[in-house]
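[1] Test case, fold it:
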Amino acid sequence: MNISNPAGQAFGPASHQESSNRYMIKGLFTGALILAMMIPTIFIYNLVHEREQRQKEVAAEVSQKWSAAQTFSGPYIFLPYRHLEKSPDGRITESQRHVWILPEQLNVDGQVDQEVRKRSIYNVLLYRANLQVQGSFTFQLPKDMDASLVLWKDAKICAGISDFKGIEERIFVRFGDVEYELSPGLPSNEIDKKGLSAGISLSAADLEKPWSFATSLRLKGSGKLHFKPLSGNSTYSLRSKWPDPSFDGNSLPGERAVSDSGFVRA
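    The predicted structure follows:
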């Protein structure tokens, strides 16, 4: 038996089935449209991902011939000493250890000149940095360390540079009144994995005295330029005509000015 409404339309199993079919058709049609729209989205995503990977490959290729991103640290002092230790049976054994003397004050002032290299549709940012580094040391040994056990003749002044290809000229450090040329190699890689060093003249009479230092270096790199602030008081001032800098690291600059003509970081 069918039940009719006042307008004469019948409701029953057939009408309910037709309504369900219409909803199903609409759902299938909507799903098909979504899938059809996802196809170009996937193509675009793959293209963007491919371009990003190619950009990284081009940047790595150019950087390999120019120089990679640079990280500069130092100068700092490597100071070895003899360590005497008494064993339970009364014998005294000797070994060599070392301490690091970090600057009390460090000031870095630099000009960074950018250069954009084109490779097909890709751009690679390169730079040349001209850095002036000045500061001072105050030699203070740990209280439990005997100055007579220090191997003063083996003391070295060190600086960390992450990619030697970027060094454009010989690097000299004026320490006190003497100028030393830095050579590749570090006495220990606890602070930096790669760097330069030079033997310096020190003695126990130099303890508690302030020692000034100064150096300048021309450094090539690509993409990034980082510094390790190892001193008690560090200041870094950089200038460049690059209008789109990005400041990162563990500490951001206290003052900076960015415009279409470049940036100043203090």
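[2] What residues sit buried inside stretch 79-99?
    Residues 79-81, 98 are the ones in stretch 79-99 that count as buried (16 or more other CB atoms under 10 Å). (C-beta placed from N, C-alpha, C; glycine too.)
[3] what do you get for stretch 192-206?
    Under the neighbour-count criterion of 16+ other CB under 10 Å, stretch 192-206 has 192, 195-198, 200, 202 buried.
[4] quick check, nearest of those to residue 208?
    Distance ranking of these against residue 208, using CB to CB, places residue 202 first at 12.6 Å.
[5] close enough to count as contact, the closest one and residue 152?
    Yes - counting by CB atoms under 8 Å, residue 202 does reach residue 152; the two are 4.9 Å apart.
[6] For my notes, confirm residue 38 occurs in a helix.
    Yes - counting by DSSP: H, G, I helix; E, B strand; the rest coil, residue 38 is part of a helix.
[7] in what helix or strand does residue 24 lie?
    According to DSSP states H and E, residue 24 maps onto helix 13-65.
[8] Let me know the distance separating residue 75 from residue 196.
    10 Å (CB to CB, to the nearest Å).
[9] Mutual contacts of the two, please.
    Contact with both residue 75 and residue 196 is made by residues 158-159, according to CB atoms under 8 Å, 6 or more residues apart in numbering.
[10] neighbours around residue 153, how many?
    11 (other CB atoms under 10 Å).
[11] Using just helix, strand and coil, how would you label it?
    Residue 153 ends up helix, using three-state DSSP.
[12] gap between it and residue 202?
    Counting by CB to CB, the gap from residue 153 to residue 202 is 8 Å.
[13] okay, and for this structure, where does confidence drop off?
    The model of the chain has pLDDT under 70 over residues 1-19, 54-55, 58, 249-256, 261-263, 265-266.
[14] Domains of it: list them as residue ranges, please.
    15-63, 66-246+254-265 (automatic domain parsing).
[15] Take the buried residues of stretch 192-206 and keep only those in strands.
    195-198 (DSSP state E).
[16] if we can go back for a sec, so which other helices or strands are in contact with the helix or strand just after the helix holding residue 24?
    Next in sequence after helix 13-65, counting helices and strands by DSSP H and E, comes strand 70-86. Secondary-structure packing of strand 70-86 (3 or more CB pairs under 8 Å, 6 or more residues apart in numbering; DSSP states H and E): strand 92-101, strand 122-138, strand 156-161, strand 195-199, strand 210-222, strand 225-228.
[17] Make a markdown table from those strands and add distance to residue 237 to it.
    Below are these laid out as a markdown table (distance: least, CB to CB, whole Å):
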| stretch | distance to residue 237 |
| --- | --- |
| strand 92-101 | 25 |
| strand 122-138 | 9 |
| strand 156-161 | 19 |
| strand 195-199 | 23 |
| strand 210-222 | 14 |
| strand 225-228 | 11 |
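[18] highest average neighbour count across these?
    Of all those, strand 156-161 has the most neighbours on average by mean count of other CB atoms under 10 Å, namely a mean of 23.
[19] Send me it as CSV with only the CA atoms.
    C-alpha atoms of strand 156-161 as CSV (Å, rounded to 0.1, in the frame of the first residue of the first chain):
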residue,chain,number,x,y,z
LYS,A,156,100.3,28.5,19.8
ILE,A,157,97.9,31.2,18.7
CYS,A,158,95.0,29.7,16.7
ALA,A,159,92.1,30.7,14.5
GLY,A,160,89.3,28.6,13.0
ILE,A,161,88.3,28.8,9.3
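[20] List the contacts of it.
    Applying CB under 8 Å, 6+ apart, the contact partners of strand 156-161 are 70-78, 167, 171, 173, 175, 180, 182, 186-187, 191-200, 213, 215, 219, 228.
[21] next SSE after it?
    strand 172-175.
[22] Tell me how far residue 227 lies from residue 234.
    Separation of residue 227 from residue 234 (CB to CB) stands at 8 Å.
[23] can you list residues touching both of these two?
    Common neighbours of residue 227 and residue 234 (criterion: CB under 8 Å, 6+ apart): residue 108.
[24] Share the number of residues neighbouring residue 65, please.
    For residue 65, using other CB under 10 Å, the count is 9.
[25] what helix or strand is residue 142 on?
    Using DSSP H and E, residue 142 falls within no helix or strand.
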